[in-house]
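*Asks:* compute the structure for the input listed below.
(one chain, ligands or ions: 1)
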Amino acid sequence: MASAVSRMGYALGQGTRVAWYFSHYLLAARLAGRNTSPPKKERKTNRHTAGRDTVLQSLRELFERDLQNIEAGHYAMPHDLVPNPIALMRGSQRFFRDLPSVRKRRATRENDDVPAVDVSEFPRYYRQNFHYQSDGYLSDHSAKLYDFQVETLFSGAADAMRRQALVPIAEYLKNRDQRQLKLLDVACGTGRFLTFVKDNFPRLRAMGLDLSPHYLNQCKRNLKRWRDATTTQANAEEIPLADDSQDIVSCIYLFHELPPKVRTIVAQELARVLKPGGMLVFVDSLQYGDRDGFDGLLDLFPDEFHEPYYASYAEQDLAELFEDVGLHRKEETLAFLSKVMVFEKS
Ligand SMILES: C[S@@+](CC[C@H](N)C(=O)[O-])C[C@H]1O[C@@H](n2cnc3c(N)ncnc32)[C@H](O)[C@@H]1O
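*Replies:* Below you'll find the predicted structure:
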């Protein structure tokens, strides 16, 4: 009975999210005269592109797994699965007001339209309009829009993909005293993942690190229910924490936005701050060869949404990248358009 109620609650909450964000996705694409939905039929281009049914099946599998994880007790029903209608309306308004500028940048391929900042603090690769988003990561306006834009891009599945990283964390914490353990979320952005971490493991000492002061401000607002969570503004290339100081490091959707050389430096930093025996939970986009039929979709993404380092990310051997810095791959699972990898420091 309890399970039937939670299944219904989940279906209602997640169904509302998908309907809301997917309709925004379609409307935005239509207004832009863009066709970004997967082709109805499978087609062979340079790389095989899955049809709509295959993509939808993979989305359904993600939600089924999310629910199974909840039922298995790996994590709780998401704290805001049923979204606040006022927040949704505000988000929608902001999204549509901003859309013409995104469209203009996409049409002109303009990608360096960001506020002036101290160039010694923010590297060149960072000062860009990733996804053609207004101000890049460099304004409050962008930080307020980000979560809505990302959920729209993934048709309401972004949080469910992030939550898959909670499973290895729950495993790691079993029979351990959370109060003694530290988790660092590198490139935490607006803190969506940290809200799930704190909601499930309230005593864990969690910190979010990001280069954007604006995103960190939004992160603090998102985390206001969990006052002991902390944040720090820093470049992931130089994490201002001691060697061997963290039990768990998470890193979600950062690496596909880094140039190859910087990926190596950041991987070294993640390994450096982890304690021996500590765990890295890594979530990022699928790569070539990960999911049958999805390689063609990976080709479309960086073109429609400015992602200058995506192609090189999609073909990098991540197990080798992390192995070279002393992190050994323990697990790898796919979650719709993302993959979750778990590494251990020897
Ligand atoms: C695609 S967002 C992902 C944010 C978040 N992890 C999520 O799940 O939505 C990328 C984030 O990485 C941050 N970032 C990019 N380069 C960085 C760097 N070198 N150091 C620290 N943060 C960085 C950006 O400010 C942004 O918040």
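
*Asks:* which ones are touching the residue of the chain found nearest the ligand?
*Replies:* Residue of the chain nearest the ligand, by CB to the nearest ligand atom: Gly189 (2.6 Å). Every C-beta, even on glycine, is put in place using the N, C-alpha and C of the backbone. Applying CB atoms under 8 Å, 6 or more residues apart in numbering to Gly189 gives the contacts Tyr146, Asp210, Ser212, Tyr215, Cys219, Ile252, Tyr253.

*Asks:* Asp244 now?
*Replies:* Arg272, Val273, Leu274, Lys275, Pro276, Gly278.

*Asks:* the same query, at a cut-off of 7 Å, please.
*Replies:* Applying CB atoms under 7 Å, 6 or more residues apart in numbering to Asp244 gives the contacts Lys275, Pro276.

*Asks:* for the stretch 1-150 of the chain, what spans make up the strands?
*Replies:* Applying DSSP state E, counting those that start in this stretch to the stretch 1-150 of the chain gives strands spanning 43-44, 48-49.

*Asks:* hang on, I meant the stretch 151-300 of the chain
*Replies:* Going by DSSP E, counting those that start in this stretch, the stretch 151-300 of the chain shows strands at 182-186, 205-210, 230-233, 246-252, 274-285.

*Asks:* can you lay out these as JSON lines showing distance to Ile86?
*Replies:* What follows is the strands of the stretch 151-300 of the chain, written out as JSON lines (distance: least, CB to CB, whole Å):
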{"stretch": "strand 182-186", "distance to Ile86": "27"}
{"stretch": "strand 205-210", "distance to Ile86": "25"}
{"stretch": "strand 230-233", "distance to Ile86": "26"}
{"stretch": "strand 246-252", "distance to Ile86": "27"}
{"stretch": "strand 274-285", "distance to Ile86": "30"}
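
*Asks:* just put those in TSV and tack on mean pLDDT, mean neighbour count and distance to Leu67.
*Replies:* Converted to TSV, the strands of the stretch 151-300 of the chain look like this (pLDDT from 0 to 100; neighbours: other CB atoms under 10 Å; distance: least, CB to CB, whole Å):
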stretch	mean pLDDT	mean neighbour count	distance to Leu67
strand 182-186	98	24	24
strand 205-210	98	23	25
strand 230-233	98	16	31
strand 246-252	98	25	21
strand 274-285	98	20	19
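
*Asks:* out of the ones you listed, nearest to Tyr125?
*Replies:* Of all those, it is strand 205-210 that lies closest to Tyr125, at 15.2 Å by CB to CB.

*Asks:* low-confidence ranges in the stretch 1-150 of the chain?
*Replies:* 1-2, 34-47 (pLDDT under 70).

*Asks:* how about the residues of it by the ligand?
*Replies:* Residues of the stretch 1-150 of the chain lying close to the ligand by CB under 6 Å from any ligand atom are Tyr126, Tyr137, Val150.

*Asks:* in contact with the first one, which residues are there?
*Replies:* Right, the one you point to is Tyr126. Taking CB under 7 Å, 6+ apart as the test, what Tyr126 contacts is Leu211.

*Asks:* is the strand or helix carrying Leu334 anywhere near the ligand?
*Replies:* For Leu334, the host element (DSSP states H and E) is strand 327-335. No - applying CB under 6 Å from any ligand atom, one finds strand 327-335 separated from the ligand by no less than 12.7 Å.

*Asks:* what's in contact with that strand?
*Replies:* Strand 327-335 is touched from outside by 62, 161, 164, 168, 271, 280, 286, 290-291, 319, 322, 339-346, with contacts defined as CB under 7 Å, 6+ apart.

*Asks:* also stretch 13-21?
*Replies:* Outside stretch 13-21, the residues that reach it (CB under 7 Å, 6+ apart) are Phe63, Leu81, Val82, Pro83, Leu88, Glu151, Thr152, Ser155, Gly156.

*Asks:* list the buried ones in it?
*Replies:* In terms of neighbour count (16 or more other CB atoms under 10 Å), stretch 13-21 has its buried residues at Gly13, Gln14, Thr16, Arg17, Val18, Trp20, Tyr21.

*Asks:* okay if I get those as JSON lines plus distance to Ala236?
*Replies:* Converted to JSON lines, those look like this (distance: CB to CB, whole Å):
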{"residue": "Gly13", "distance to Ala236": "33"}
{"residue": "Gln14", "distance to Ala236": "31"}
{"residue": "Thr16", "distance to Ala236": "34"}
{"residue": "Arg17", "distance to Ala236": "29"}
{"residue": "Val18", "distance to Ala236": "32"}
{"residue": "Trp20", "distance to Ala236": "32"}
{"residue": "Tyr21", "distance to Ala236": "28"}
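
*Asks:* among those residues, which are in helices?
*Replies:* Among those, DSSP state H puts Gly13, Gln14, Thr16, Arg17, Val18, Trp20, Tyr21 in helices.

*Asks:* rewinding a little: could I get the strands of the stretch 151-300 of the chain in JSON lines, plus columns for distance to the ligand?
*Replies:* As requested, the strands of the stretch 151-300 of the chain are exported to JSON lines (distance: least, CB to the nearest ligand atom, whole Å):
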{"stretch": "strand 182-186", "distance to the ligand": "7"}
{"stretch": "strand 205-210", "distance to the ligand": "5"}
{"stretch": "strand 230-233", "distance to the ligand": "9"}
{"stretch": "strand 246-252", "distance to the ligand": "4"}
{"stretch": "strand 274-285", "distance to the ligand": "8"}
